[in-house]
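Chemist: for reference, the sequence and a predicted model appear below.
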Amino acid sequence: MSEFDLIKRYFTHATPGAELGVGDDAALLRVAPGMTLAVSSDMLVSGTHFLPDADPYLLGHKTLAVNLSDMAAMGATPRWATLALSLPQADEGWLQKFSAGFFALAERHGVELVGGDTTRGPLNLCVTIMGEVPQRAALRRSGAQAGEDIWVSGTLGDAALALAHLQGRVALPAADFASCMPALHQPQPRVVLGVALRGIASSAIDVSDGLLADLGHILESSAVGAELSLAALPVSAAVRAQLVQPEGRRCVLAGGDDYELCFTAPATHRDELQQLSHKLGLPLARIGTIVSGNRCTVHSEDGSIINIRESGYDHFT
Ligand code: ADP
Ligand code: MG
């Protein structure tokens with residue numbers, strides 16, 4: 001199969017939202033008047049981000065999901081993507097499943113694949129995602145202010161706990177492992193939430209490297225500190241059962257691969273956020289408060305305080 005046939009067969013879908021999609025030297029895209037283009041790339045490398053024998057359907061999903069999560073964190077509506085692929089061989093069974101996983105998620109979010117590049121080499125998957133956000137409405141990392149609430153969507157630590165089990169660092173009961181696995185292999189990017197947070201959140205980030213590391217980016221960019229309550233962190237039953245172990249705590253605070261949104265908002269938006277949570281069927285947990293200074297402290301259930309920056313906890317990832 002030639003490279004051209006491969007692209008045509010597996011990566012060419014209709015792109016009514018583009019002036020020109022796959023097939024020329026470049027795609028042509030038009031941003032609606034009054035909108036800003038948001039652009040981001042994320043690469044998945046075999047051996048670093050996934051194992052070479054990973055399920056290709058799930059890999060197609062995750063390759064796009066991690067990029068959609070960046071759009072969500074900006075409050076942008078994802079519109080278009082390009083896909084740069086390096087493949088060891090043109091394995092049609094693999095390509096069919098990979099593209100099915102990719103396009104199933106793309107269609108759910110109205111994203112069109114408008115171009116890319118295909119070459120032979122070690123397995124490497126890179127998506128560039130493009131989205132639209134009304135001018136000056138994007139959710140940046142730099143807008144958090146002292147006194148505001150800190151929120152996080154969904155639950156934290158499931159993906160990291162599933163990985164810890166696979167790597168033999170914890171031994172989970174079979175039912176708990178099964179309940180954590182989808183978070184690792186099929187993360188659900190919080191695109192609808194991100195768009196709904198325009199005008200509500202003062203800052204936002206997606207949790208890809210672990211809560212403390214990613215919240216740390218907001219604190220750094222906004223020149224503020226934070227006080228978090230360990231008891232307020234949203235966790236599944238499977239993760240809760242591991243919280244007495246250091247590894248369980250690490251998964252929640254520093255695990256990564258959560259693809260939830262962490263954001264800040266003035267306390268005046270609490271009711272609105274509870275209503276939004278209800279409407280979306282997505283838990284939103286208030287996990288702490290932005291404070292002045294640059295410290296991030298975590299109050300544990302027994303009353304003790306972990307000073308994150310001094311304990312080096314934020315270098316865990
Ligand atoms: P060029 O030589 O100009 O780089 P290519 O032969 O690499 O063009 O690609 C031909 C067309 O197919 C281009 O429009 C490109 O954007 C698209 N394309 C290549 N690889 C992919 C892919 N993996 N997914 C989607 N589109 C692709
Ligand atoms: Mg090319």
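Modeler: That came through fine. Numbers count the residues shown, from 1 in each chain. Ligands and ions are numbered 1, 2, ... in the order given.

Chemist: chain neighbours aside, what residue packs nearest to S142?
Modeler: Nearest non-adjacent residue to S142, counting by Cβ to Cβ, 6 or more residues apart in numbering: S221, 4.1 Å away. For glycine as for every other residue, the C-beta is placed from the backbone atoms N, C-alpha and C.

Chemist: ok, that neighbour - contacts?
Modeler: By Cβ atoms under 8 Å, 6 or more residues apart in numbering, the contact list for S221 reads R140, R141, S142, A144, S203.

Chemist: can you count the residues close to the fourth one?
Modeler: When neighbours are defined as other Cβ atoms under 10 Å, A144 has 27 of them.

Chemist: biggest helix in the protein, by residue count?
Modeler: Under DSSP state H, the helix in the chain containing the largest number of residues is helix 56-74.

Chemist: next one: that helix to chain centre, how far?
Modeler: Between the centre of helix 56-74 and the centre of its chain there are 7 Å (Cα atoms, centre = their mean, to the nearest Å).

Chemist: next structured bit after that helix?
Modeler: strand 77-87 (DSSP states H and E).

Chemist: now do that next one against helix 56-74, angle only.
Modeler: Angle, strand 77-87 to helix 56-74, by axes from the mean of the first three to the mean of the last three Cα atoms, to 10 degrees: 140 degrees.

Chemist: any idea of the mean pLDDT in strand 77-87?
Modeler: Per-residue pLDDT over strand 77-87 has a mean of 97.

Chemist: ok, it near ligand 1 or not?
Modeler: Yes. Counting by Cβ under 6 Å from any ligand atom, ligand 1 has neighbours in strand 77-87: L83, L85.

Chemist: check which element follows that strand along the chain.
Modeler: Per DSSP H and E, strand 77-87 leads on to helix 92-108 as the next helix or strand towards the C-terminus.

Chemist: could you find the closest non-adjacent residue to the one residue sitting closest to the centre of the chain?
Modeler: Residue closest to the average C-alpha location in the chain (Cα atoms, centre = their mean): Y259, at 2.9 Å. Nearest residue to Y259 in three dimensions, chain neighbours excluded: P187, at 4.0 Å (Cβ to Cβ, 6+ apart).

Chemist: can you verify my assumption that the one you found contacts V66?
Modeler: Yes. With contacts counted by Cβ atoms under 8 Å, P187 reaches V66, the gap being 7.3 Å.

Chemist: below-threshold pLDDT in the stretch 201-317 of the chain: ranges please.
Modeler: 309-317 (pLDDT under 70).

Chemist: where do the strands sit along it?
Modeler: With strands called from DSSP state E, counting those that start in this stretch, the stretch 201-317 of the chain shows them at 203-207, 225-229, 260-265, 284-291, 296-299, 305-307.

Chemist: out of those strands, the one nearest ligand 1 is which?
Modeler: With Cβ to the nearest ligand atom as the measure, strand 203-207 is the member of these nearest ligand 1 (24.0 Å).

Chemist: list the buried residues of the closest one.
Modeler: Of all the residues in strand 203-207, those buried under the rule 16 or more other Cβ atoms under 10 Å are S203, A204, I205, D206, V207.
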